[in-house]
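K.L.:
With the sequence up front, the predicted model follows.
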Amino acid sequence: MNLKIFIIIMTTSGVMSDAILIPFYPQFFELRFGTDSAMHVGAYVAAISIAVMSALPFWARIARRIELLHLLIWTQLSAGTFGLLSNWAPNVTWYWMLSMLMFICKSSYLLMYPYLMRLTLKKNHAQVIGTLSVVVHFGAVCGAVVGGSVLQIWGPTASIMAMVAGDFFQMTVCAHLIHSSKIVRFKSQQDSDGTETISPLFKLDAWRVHLPILRLALVMLIFDFGCFVIRPFFSTHWQALTGYESELTSGVVFAIPGAMAITALCVHTWAHKRFGRLPDHRLGNLLLGIAGFLLQAAPNPTLVVVGRCVYGWAIFHIIVKLEVNLFRLSTPERYARDYAVTNFFQNLGTLLASFAAGAIVDSFGLYMPFLVGALAFVLTAVLDRLILKVPSAGHIDGADHPAPTTELEACVRVR
């Protein structure tokens, strides 16, 4: 297998490991620590976002000096070790501390995405983004199903061990790649005096240049808020609606959007080969996403399943289109800087959604996050029409340029 295949396998493993408990934290904390507070679950998921947001730039800077695969061996070993220790945490406070250290170390695997992008010509970015989006969704499907069945059959301890296994698997793959000499080394961008070039992200006189990217980042923030606000309590919502307390069934329903993403990629690939370049249906997909939210809020399990299908189809196309728009608005020399800006806003949307989800469920009930998500998509559609001005694919400059050579270019997000 070539290097790209190994990177995709590692990404799938990382996403699966992350997704094992994402839908089931309410049940996990109740079983493990007797804590059933919705606010606590929301705060914990938000803390994960803060840990990743804080750690990823640090790992990116370290990766400028240490070859990435060598770095990942130690970070994934550390993540697995902290995960094992969290299994024996005597109380919820100790679990928080140890699991946050685990996520800080675990987040370094996200740098495999820019590592792959640097091996890819810019004209092929859309294809790579689509493939990685499906990988993320496929990992989420498998992680949710595995996580639900493991939690239901063997309990919280086995769920933690399953997450740890993913970390040690990534460590093993990195060791294999190093031993087989499959590493591709990149040079950092440096000035003539040998020091690293630091791009000013937010200088006042640069705001005019950054304005198109900041507009896109604002749209991404609101879109990500809408996607993530329904996640922490979806399995609880499904179990309350059906009266069937099966984590496996909840995990399967939670994973439906991931399966729809895989289907959407297959259909899109077929249509592209048959009809050529396809038109931009971002607004139509946002409207489909709104319909999906409303169906999931309905007090009928069949409508919820239909809503998950519609929602999954819509968000796959929107995610890919927004990511491609970033490349269209950016240029190779500004690529890393612009992605850093949008990535910050996306993580901020996730963070706000995690905090908001617990408060919304506490105050209004399990159906309300879906209505809030629908409103977020309405606002996304309005802003998309009012402020985004993205050039068409035919006007991209430097389409044949290879991807830029800085570490912090992108971040894979589990939806």
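P.N.:
Noted; the coordinates are in hand. Numbering: from 1, shown residues only.
K.L.:
Tell me how far the residue nearest to residue 236 when sequence neighbours are not counted lies from residue 341.
P.N.:
In space, not counting the residues next to it along the chain, residue 236 is nearest to residue 26; the distance is 5.0 Å by CB to CB, 6 or more residues apart in numbering. (C-beta placed from N, C-alpha, C; glycine too.) Counting by CB to CB, to the nearest Å, the separation of residue 26 from residue 341 is 33 Å.
K.L.:
same thing with residue 89?
P.N.:
Distance of residue 89 to residue 341, given as CB to CB: 36 Å.
K.L.:
Which one of these two is surrounded by more residues?
P.N.:
Neighbour count, other CB atoms under 10 Å: between residue 89 and residue 341, residue 341 has more, with 20 against 17.
K.L.:
Phi and psi next, for residue 299.
P.N.:
Per-residue torsions, residue 299: phi -80, psi 40 (degrees, to the nearest 10).
K.L.:
residues near it, how many?
P.N.:
Neighbourhood size, residue 299 [other CB under 10 Å]: 8.
K.L.:
close enough to count as contact, it and residue 238?
P.N.:
No - here residue 299 lies out of contact with residue 238, judged by CB atoms under 8 Å, at a distance of 11.9 Å.
K.L.:
Tell me, how many residues neighbour residue 385?
P.N.:
Residue 385: 11 surrounding residues under other CB under 10 Å.
K.L.:
give the contact list for it.
P.N.:
Residues near residue 385 by CB atoms under 8 Å, 6 or more residues apart in numbering: residue 283.
K.L.:
distance of it from residue 270?
P.N.:
Separation of residue 385 from residue 270 (CB to CB): 29 Å.
K.L.:
And for residue 46?
P.N.:
Relative to residue 270, residue 46 is positioned 40 Å away (CB to CB).
K.L.:
Which one of those two is surrounded by more residues?
P.N.:
Neighbours per residue (other CB under 10 Å) separate residue 46 from residue 270, with residue 46 holding more: 21 against 10.
K.L.:
For the more buried one, which non-adjacent residue is closest in space?
P.N.:
Using CB to CB, 6+ apart and skipping the chain neighbours, the partner closest in space to residue 46 is residue 354 (3.6 Å).
K.L.:
The one you found should be in a helix, yeah?
P.N.:
Yes - Residue 354: assigned to a helix according to DSSP: H, G, I helix; E, B strand; the rest coil.
K.L.:
for it, what are its contacts?
P.N.:
By CB under 8 Å, 6+ apart, the residues touching residue 354 are 42, 43, 45, 46, 48, 49, 228, 232.
K.L.:
run the last query once more with 7 Å
P.N.:
Residues in contact with residue 354, defined by CB atoms under 7 Å, 6 or more residues apart in numbering, are 42, 45, 46, 49, 228, 232.
K.L.:
again, but for residue 30
P.N.:
Contacts of residue 30 by CB under 7 Å, 6+ apart are residue 36.
K.L.:
helix or strand for it, which one?
P.N.:
Assessed by DSSP states H and E, residue 30 sits inside helix 25-33.
K.L.:
what is the rounded mean pLDDT of that helix?
P.N.:
Model confidence over helix 25-33, given as mean pLDDT, is 91.
K.L.:
Which positions in that helix come out as buried?
P.N.:
Using 16 or more other CB atoms under 10 Å as the test for burial, helix 25-33 gives 25, 26, 27, 28, 29, 30, 31, 32.
K.L.:
Switch these over to CSV; also include distance to residue 244.
P.N.:
Shown next, in CSV, are those (distance: CB to CB, whole Å):
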residue, distance to residue 244
25, 19
26, 16
27, 13
28, 18
29, 21
30, 17
31, 17
32, 22
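K.L.:
Return the member of these nearest to residue 348.
P.N.:
Nearest to residue 348 among these, counting by CB to CB, is residue 25 at 20.6 Å.
K.L.:
which helices and strands does the helix or strand of the chain with the lowest mean pLDDT pack with?
P.N.:
Using mean pLDDT, DSSP states H and E, the weakest-scoring helix or strand in the chain turns out to be helix 112-117, at a mean of 72. If you count contacts as 3 or more CB pairs under 7 Å, 6 or more residues apart in numbering; DSSP states H and E, helix 112-117 packs onto helix 3-19, helix 125-153.
K.L.:
Could you dump those into JSON lines with mean pLDDT and distance to residue 361 added?
P.N.:
As requested, the helices and strands packed on helix 112-117 are arranged in JSON lines below (pLDDT from 0 to 100; distance: least, CB to CB, whole Å):
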{"stretch": "helix 3-19", "mean pLDDT": "83", "distance to residue 361": "21"}
{"stretch": "helix 125-153", "mean pLDDT": "78", "distance to residue 361": "19"}
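K.L.:
export these to a markdown table and tack on mean neighbour count and distance to residue 256?
P.N.:
As requested, the helices and strands packed on helix 112-117 are exported to a markdown table (neighbours: other CB atoms under 10 Å; distance: least, CB to CB, whole Å):
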| stretch | mean neighbour count | distance to residue 256 |
| --- | --- | --- |
| helix 3-19 | 21 | 14 |
| helix 125-153 | 22 | 8 |
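K.L.:
Show me the strands in the stretch 151-300 of the chain, by range?
P.N.:
Chain-ordered strands for the stretch 151-300 of the chain, with DSSP state E, counting those that start in this stretch as the definition, do not occur.
K.L.:
Show me where it has its helices.
P.N.:
156-179, 207-228, 234-242, 247-254, 256-275, 282-296 (DSSP state H, counting those that start in this stretch).
K.L.:
Outside of the shortest one itself, list whatever touches it.
P.N.:
Same thing as helix 247-254. With CB under 7 Å, 6+ apart as the criterion, helix 247-254 contacts 23-24, 27, 144-145, 147-149, 151-152, 234-235, 238-239, 305, 308.
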